[in-house]
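*Asks:* What follows is a predicted protein model with its sequence.
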Amino acid sequence: MDNVWASTNKLFFKINPSLKFLLISSLFIVYLFVQNLNTMIWASFFFLILYYLVSGLAGKWSFWFVFLTLIVSLFSASAMIMFGKGSHIIYHQSLILITQESLARGLLLGLRTFTFSLIGMIFATTTLPVPFFYSLMQQLKVPVRYAYGCLAAFRMIPIMAEEFLHIRQAMRVRGMTRQKGIKPLYERMNRYSLTMLAQSIRRAQRTAIAMEAKRFSMTERRTYYYEIGWSRIDLYFIVIMLLTVTLGFVFAAYFPLTPFTNVLDH
Amino acid sequence: MSSTSREGWGVTNLRLAFPKKNAMLFKDLSFDYQRGEKVLLLGPSGCGKSTVLQVLSGLIPHSIELPMRSDRQEVPNNWGFIFQDPDTQFCMPYVDEEIAFVLENRCIERAQMSELIQRYLDMVDLKLENNHQLIRTLSGGMKQRLAIASILALEPEVLFLDEPTALLDPNGTEQLWKTVRQIGKDRTLIIVEHKINHVLDFVDRVVLFNQHGEIFADGPKQETLARYRDKLDEFGIWHPGIWSDYEKNQIGNQINSEHAESILELKNFAVLRQKQVKFSADHLCLNRGEWIAIVGENGAGKSTMIEGIMGLLRTNGQLRWSFDHPENHVQFVFQNPEYQFVTDSVEDELAFSLRVNKMNEEEIARRVDEHLERYALKAQRNQHPFQLSTGQKRRLSVASAMINHPDVLILDEPTFGQDAKNTFALLDIFQQLRLAGTTIIMVTHEMEIVHHFATRVLTVENGRLVNDCVSSEGGEERNRGQRLGEHEQVVF
Amino acid sequence: MSKEKSTNLKLNLTDILVTIVIALVFGLVFRLMGPVYDLVKPFGLHLDALLYGIWFIAAPFAALLIRKPGVAFLAETAAALAEMLFAGSGGVINLYYGLLQGAFSEAVFAAWRYKKFSLGVTSLSAFAALIASIILDAGYAYLPLLAGWNLTLYLVFRVIGSILLSGLFPYALVKGLEKTGVTQSLRPVTKEDYDVLN
Ligand SMILES: Nc1ncnc2c1ncn2[C@@H]1O[C@H](COP(=O)(O)OP(=O)(O)OP(=O)(O)O)[C@@H](O)[C@H]1O
Ligand SMILES: Nc1ncnc2c1ncn2[C@@H]1O[C@H](COP(=O)(O)OP(=O)(O)OP(=O)(O)O)[C@@H](O)[C@H]1O
Ligand SMILES: [Mg+2]
Ligand SMILES: [Mg+2]
């Protein structure tokens, strides 16, 4: 996983992860109630810029990532665009009925999804799981057993990837791959998924036992190897987020690009 | 119910069974030990030693829920456990985090952690450039040392050690026991170990189990071992001098010259892991009917070599089998037996490759029965392979490769975790196969096997094949004499 | 005599860890499924709704496996969190969907007091998760503003998809896993198991 991150030194990596998490997930509420297409356009624009400025993802990666996300977000609104209700008809053939209203709604939906994806990606590409879960315990008082459960689980990902290779090797060694046809193929797929699941479960059990053998107590009192604190950067972050959100609203008010200020009307 | 006042712990009249099994593993088992005692538990593979340790430490039933009951189960307040399977005992990905996790649990101030981590690593003599290293990238020996370091960080009164050296090279084994001896001076040690020559000089009490999970002897080591010497053989317990007993009735390692026919040739062969060459050999030619031992330190590249030969890893250079379809002639056994298993029961596992080859069911049933008997797995026939004891898993993985009578058998440490009886049974089978023309290629740390059986020894060092010598009887004989002498002195 | 366990329904560390690991596996699957799912979207015919059910699988699967209160909710939430951390498309929305779906799914198992884990109950929990997702969609995706036939298609596809993928499928998977024996040690020890000790 580590090689995907271009640099972990960027500003956003240093924000308190709990704060980042709370603020970013509360944006959901903000944009859920936006029915103004212009606001959504400007908001996605500003978050796009923010994403490019702060993302920890390497350049090539991030361009395709964003591009695909945009396409996919618009796709997800295709039903609304083509089959939504509305009266100002743009295009009509058999069942497909594109109206101005449905188009606007569809675009808003697509952009909203796009914005949420961007926000999610800002979070995902600048947050490392380990500090994140430590911070959840320290700042948000998430019970240690859940936070450590998550930590331990995340750390198993590379091991799971390796396990996948082992299963494939076992199948080769035991001659399972030599059988041709649909039934053996089905059996192989079956074996893959069951073995992966069974192994993950067993690994989880063993890790739990190892943790308890090392006196992990499920109660809260403990010290922490990594202490996640606060810094001035957290303040910057709040300002940056507020600014981005506000800019979206301000620009929508002063530079409306479309006439659809409330897609639920008309 | 603080146990410290009595300075002794243990379990009385323990009854324990695994779910969905009709028989008890332990029936009214009692075992007690006092503070400061150093106890060695010995018994055949599958008799329940690992399970007993887990009961003594309270992991059963506290963390592992099993049907069990006892009149008394007194667990020390402060204990540490080294597990049999090296990969099961870590809960963090990095070396420093693993020890820090223990310190966190003990509520040690954060400011002291780095220093303490370094101290515990020093105690086990684990030297790393950077303590923030991925545990996955450590060799087997280093992993075991780290396991001990993190246990030491618990500052335990009682240490439970479940075969901590099964996968270590001879050097690593020696050092590990040296460490244990040092740190165990004023602690209580409960040790399970098949290979006892390194342990005997510092334990003072020996407990012997039979295959039914009953304790049949318990007392000071000298007397117990001397008195039950014949029993030791019967239950397959390793003891000093066992090799010389065994040696009397075996065939030796002469080469069948009539089979000197090449089966595998390697030229400028290199095996890569994650784009890095981890093994290379300029030239190697293997012949039919040889017994080839591959030796080398932990992390030298032995497993890499044979996995490369099997085509499981990416390779460069030339690899030529003399068979048109090598997959029909060559069988492979992984170092970790769990990688081998592709079915849901011991029976099916054995039958698997026979079914692939479309053998008729009667013949399959006959062969499966025969192998269950031969590998001492009869009682486990319907168990899932993952629910076996470590030694049983190993035997099953070997058995499932052998059942098809391959022409070439490649095995990665086939005897680890085995009791003596099963080891010798395996060796006898290998020997029979070899005399019938099968080529045996095996990675092993067991120098006795190399001396007694190998017709040829390949040495791997730092990812290179550095030595290839045909085993010469005379020289080995002398060596062996010395080694056994050493062991003998230790005990009797 | 040490205590004879009454079936203990509190989550222990093993339960929590297993649940989260399963959630993570499904989180990964979600992440990898995401693009496939997105690809079938553009036709506007809600073919994606057929696949939508896979999004609820973590909860019933974990519940069937561990059979204790809280597991379904924990699994679905953790899976959603994992998907968010893997930068899945949709980002933060997933978290809210996960929370609500998990809660609804859990409620069904709770209604049977965690005593019944049949195919019917499993399917019902999938259906409950579906209701949760529709509630959120109604607000988020303006469902009522779709043409009638299209909305119907959407609903029918979702119901079929969720029953198949989050009812039948996890049920079959767990049945398969039961054969491997790993489930044994996850479930509370039964009375019969103790009877062997007499
Ligand atoms: N989960 C399980 N379900 C059913 N049977 C089991 C399970 N785990 C272990 N067993 C059986 O219990 C017995 C004791 O296992 P245990 O691991 O304690 O043996 P051991 O003495 O440590 O053997 P070894 O020397 O091979 O490690 C074995 O026969 C094994 O097959
Ligand atoms: N999965 C892996 N990924 C990356 N490197 C690995 C992996 N497995 C092993 N290595 C590295 O490859 C080298 C050779 O390892 P290999 O497993 O072949 O050693 P070995 O001789 O079999 O040792 P042992 O006696 O401990 O089994 C070691 O340096 C090890 O760190
Ligand atoms: Mg054992
Ligand atoms: Mg190896």
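*Replies:* Thanks, I have the structure now. Numbers count the residues shown, from 1 in each chain, chains lettered A, B, ... in the order given. Ligands and ions are numbered 1, 2, ... in the order given.

*Asks:* mind checking how far the residue in the stretch 51-200 of chain A that ligand 2 sits nearest to is from B:D87?
*Replies:* Closest residue of the stretch 51-200 of chain A to ligand 2, Cβ to the nearest ligand atom: A:E162 (6.1 Å). From N, CA and C alone the C-beta is placed, and that goes for glycine too. The gap separating A:E162 from B:D87 is 11 Å, by Cβ to Cβ, to the nearest Å.

*Asks:* How about A:R155?
*Replies:* Taken as Cβ to Cβ, the span from A:R155 to B:D87 is 13 Å.

*Asks:* which of these two has more neighbours?
*Replies:* A:R155 (19 against 15; other Cβ atoms under 10 Å in any protein chain shown).

*Asks:* contacting residues around the nearest residue to that one once chain neighbours are set aside?
*Replies:* What sits nearest to A:R155 in space, not counting adjacent residues and going by Cβ to Cβ, 6 or more residues apart in numbering or on different chains, is B:P93, at 4.6 Å. Listed by Cβ atoms under 8 Å, 6 or more residues apart in numbering or on different chains, the contact set of B:P93 reads A:155, A:158, B:134-136.

*Asks:* hang on, the earlier thing: what about the residue of the stretch 51-200 of chain A closest to ligand 2, how many residues close to it?
*Replies:* 11.

*Asks:* Got phi/psi on the residue of chain B found nearest ligand 4?
*Replies:* Closest to ligand 4 within chain B is B:S303: 3.1 Å, counting by Cβ to the ion. Reported as degrees, to the nearest 10, the phi and psi values for B:S303 are phi -60, psi -40.

*Asks:* any idea how far it is from B:H194?
*Replies:* The spacing between B:S303 and B:H194, counted by Cβ to Cβ, is 21 Å.

*Asks:* per-residue confidence for the nearest residue to B:H384 once chain neighbours are set aside?
*Replies:* Spatial nearest neighbour of B:H384, excluding adjacent residues (Cβ to Cβ, 6+ apart): C:G181 at 3.7 Å. We note a pLDDT of 78 for C:G181 in this prediction.

*Asks:* Buried residues, the longest helix seen in chain A. List them.
*Replies:* Counting residues, the longest helix in chain A under DSSP state H turns out to be helix A:182-213. For helix A:182-213, a neighbour-count test (16 or more other Cβ atoms under 10 Å in any protein chain shown) marks A:188, A:191, A:194-195, A:197-213 as buried.

*Asks:* Where does pLDDT dip in the stretch 51-200 of chain B?
*Replies:* Within the stretch 51-200 of chain B, no stretch has pLDDT under 70.

*Asks:* Got phi/psi on B:I191?
*Replies:* For B:I191, the backbone dihedrals are phi -120, psi 130 (criterion: degrees, to the nearest 10).

*Asks:* That one pairs with what?
*Replies:* B:L40, B:L161 (DSSP bridges).

*Asks:* from chain C, which residue is nearest to ligand 1?
*Replies:* C:S185 (6.4 Å).

*Asks:* ok but that residue is inside a strand, no?
*Replies:* No: per DSSP: H, G, I helix; E, B strand; the rest coil, C:S185 lies outside any strand segment and is helix.

*Asks:* tell me the contacts of it?
*Replies:* With Cβ under 8 Å, 6+ apart, C:S185 has these contacts: A:205, B:19, B:64-65.

*Asks:* which of these lies closest to C:M84?
*Replies:* A:Q205 (26.2 Å; Cβ to Cβ).

*Asks:* wait, doesn't the closest one sit right on C:T19?
*Replies:* No: counting by Cβ atoms under 8 Å, A:Q205 stays clear of C:T19, with 11.5 Å between them.

*Asks:* Give me the common contacts of those two.
*Replies:* With Cβ under 8 Å, 6+ apart, A:Q205 and C:T19 have no common neighbours.

*Asks:* of the contacts of B:P93, buried ones?
*Replies:* By 16+ other Cβ under 10 Å, the contacts of B:P93 give A:155, B:135 as buried.

*Asks:* quick check, nearest of the contacts of B:P93 to ligand 3?
*Replies:* Once Cβ to the ion is applied, the member of those that ends up nearest ligand 3 is B:I135, at 22.2 Å.

*Asks:* got a list of what the nearest residue to that closest one once chain neighbours are set aside touches?
*Replies:* In this structure, B:I135 finds its nearest non-sequential neighbour in B:F90, 5.4 Å apart by Cβ to Cβ, 6+ apart. Contacts for B:F90 (Cβ under 8 Å, 6+ apart) come out as A:210, B:98, B:135, B:143, B:146-147, B:150.
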